[in-house]
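Quick one: sequence plus predicted model below, questions after.
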Amino acid sequence: MHRSRSARRAAPFLRACALAALAVSALAGTAARAAYPERPITVVVPFPAGGINDTIARPVLQKLGEALGASIVVENRPGASGMIGSSVAARSAPDGYTLLLGAASTMAVVPQMNASAGYDPLKDLVPVGGIASVASILVTGKKDRYPDLKAVHAAAQAQPGQLTYGSAGTGTSQHMQMAQYNLERGLSMMHVPYRGGAPAMTDLVGGQIDLMMEPVATALPQIRGGKVHPLAISQKERSPLAPDVPTFAEAGVPEYLASTWFVLMAPAGMDAANLQMLSGKLMQVLADPAIVKALNERGVDPMPLPSQEMARYMRDEYALWGKVIKEAGIPQQ
């Protein structure tokens, strides 16, 4: 059937209208993505305020908020070795308005030790990007008894299972780094978990426990105050913030290196364009000389790994700590 002349004349106009509508729709979609963020972003920190997590998170997140033109609110949700806050964030809507400060413990250790963790860091969450890493210092409150690492090893070998080391909780960096250290050295020491790093440090200073593998950022004030005695730092070179503290290599253990890392996470399913934009902004912040200086002054190194690189890094760490958990015989919770 032939169309009428008026219909043929109307066809180009109708096609133009349809194309215009598609263009408007596409622009609307682009505008919607470009508008992110339109309201404050909440970053869940699954540990108490004032610890190493806050030390790292707050200067970086403040600068990230400025780069985004939006306010970022830090919400501390402690409990269950970080599982409570992490699971809350993982179950949040993937709209980019609830993010999570992840750490080596909550992203690579604790979920492998707890069947009831409530989240799978490799499936339920996606990295925005790496933030920072921090080495640890093995410290003791008993300088007269353990003046150096050789004295620690001698005591551990002479009295297996008698030396004690504290941690902020089962599966935290203090616990796992010492578990790995003992495993690799063939030593046996007793783990004493606490409900946070502060009470563990209090008992270390008071002599109730023997040792702690404490992140540099939180160990330094105790060292400078003369409350604890440093034995070795877990990085290749001495720290300019603690130049008198030998490396493990200098103390007689050349192969031992360890660090705690931190990452900004989002619920899986976040819009890919917004995720990449957010990752790019985070990388810009971590390249800012003022942020680098602020972190370095706290004994922390920036770890600017974009989303996909951080995802690969996390998978490797997940496998590493899964092996340590198994070989060290750490029981499931």
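Cool, got the structure.

can you list the domain ranges for this protein.
By the assignment in automatic domain parsing, the chain contains the domains 41-133+261-327, 135-233.

Between the ones you listed, which one is closest to residue 250.
Each of the domains of the chain was scored for nearness to residue 250 using Cβ to Cβ, and the closest is domain 135-233 (7.5 Å). C-betas here are computed from N, CA, C, even on glycine.

Spell out the residue ranges of the helices in the stretch 1-150 of the chain.
5-34, 52-68, 83-90, 104, 110-113, 149-158 (DSSP state H, counting those that start in this stretch).

if we can go back for a sec, including distance to residue 255, could the domains of the chain go into JSON lines?
JSON lines is the format used below for these (distance: least, Cβ to Cβ, whole Å):
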{"stretch": "domain 41-133+261-327", "distance to residue 255": "15"}
{"stretch": "domain 135-233", "distance to residue 255": "8"}
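
For those, could you give me TSV that also reports mean pLDDT, distance to residue 333 and mean neighbour count?
Below are the domains of the chain laid out as TSV (pLDDT from 0 to 100; distance: least, Cβ to Cβ, whole Å; neighbours: other Cβ atoms under 10 Å):
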stretch	mean pLDDT	distance to residue 333	mean neighbour count
domain 41-133+261-327	95	5	19
domain 135-233	95	7	19
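
Could you say which one of those domains comes nearest to residue 248?
Here domain 135-233 is closest among the domains of the chain (Cβ to Cβ), at 4.5 Å.

now residue 291, what's its secondary structure?
For residue 291, the secondary structure call by DSSP: H, G, I helix; E, B strand; the rest coil comes out as helix.

which one of the domains of the chain lies closest to residue 242?
For the domains of the chain, the distance to residue 242 is smallest for domain 135-233, at 6.3 Å, taking Cβ to Cβ.

measure the closest one end to end?
Domain 135-233 has its terminal residues 7 Å apart, counting by Cα to Cα, to the nearest Å.

list the contacts for the closest residue to residue 64 other than its chain neighbours?
Nearest non-adjacent residue to residue 64, counting by Cβ to Cβ, 6 or more residues apart in numbering: residue 285, 5.1 Å away. By Cβ atoms under 8 Å, 6 or more residues apart in numbering, residue 285 lies in contact with 60, 63-64, 67, 291.

and what of residue 275?
With contacts taken as Cβ under 8 Å, 6+ apart, residue 275 has the following neighbours: 96, 126, 128, 266, 307.

In CSV: those residues, plus distance to residue 158.
CSV is the format used below for the contacts of residue 275 (distance: Cβ to Cβ, whole Å):
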residue, distance to residue 158
96, 55
126, 48
128, 48
266, 50
307, 49
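
All the helices of the stretch 151-300 of the chain, in order from the start?
Counting by DSSP H, counting those that start in this stretch, the stretch 151-300 of the chain forms helices over residues 173-185, 197-206, 216-224, 272-286, 289-296, given from the N-terminal end onward.

okay, those in a markdown table with distance to residue 54 next?
What follows is the helices of the stretch 151-300 of the chain, written out as a markdown table (distance: least, Cβ to Cβ, whole Å):
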| stretch | distance to residue 54 |
| --- | --- |
| helix 173-185 | 15 |
| helix 197-206 | 11 |
| helix 216-224 | 10 |
| helix 272-286 | 17 |
| helix 289-296 | 13 |
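
so which of those comes closest to residue 320?
Set against residue 320 and scored by Cβ to Cβ, the helices of the stretch 151-300 of the chain come closest in helix 173-185, at 8.8 Å.

which residues touch that closest one?
Looking at helix 173-185 with Cβ under 8 Å, 6+ apart, the contacting residues turn out to be 103-105, 109, 136, 153, 156, 165-169, 187-189, 191, 193, 197, 200, 211-215, 234, 253, 255-256, 258, 260, 321, 324, 327-328, 330.

could you check the angle helix 197-206 makes with that helix?
For helix 173-185 against helix 197-206, the angle by axes from the mean of the first three to the mean of the last three Cα atoms, to 10 degrees is 60 degrees.

change the start of the numbering to 42 and stick with it
Happy to do that; since the first residue is 42 now, the last one works out to helix 214-226.

what inclination does helix 214-226 have with respect to helix 190-199?
Taking the same axes, to 10 degrees, helix 214-226 and helix 190-199 form an angle of 70 degrees between their directions.

With just CA atoms, put helix 214-226 into CSV.
Below are the C-alpha coordinates for helix 214-226, written out as CSV (Å, rounded to 0.1, in the frame of the first residue of the first chain):
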residue,chain,number,x,y,z
SER,A,214,46.8,-6.8,61.6
GLN,A,215,48.5,-7.2,64.9
HIS,A,216,47.2,-10.7,65.2
MET,A,217,47.9,-11.9,61.7
GLN,A,218,51.3,-10.3,61.3
MET,A,219,52.5,-12.0,64.5
ALA,A,220,50.9,-15.3,63.4
GLN,A,221,52.8,-15.1,60.1
TYR,A,222,56.0,-14.2,61.9
ASN,A,223,55.8,-17.1,64.3
LEU,A,224,54.9,-19.5,61.5
GLU,A,225,57.9,-18.4,59.4
ARG,A,226,60.3,-18.5,62.4
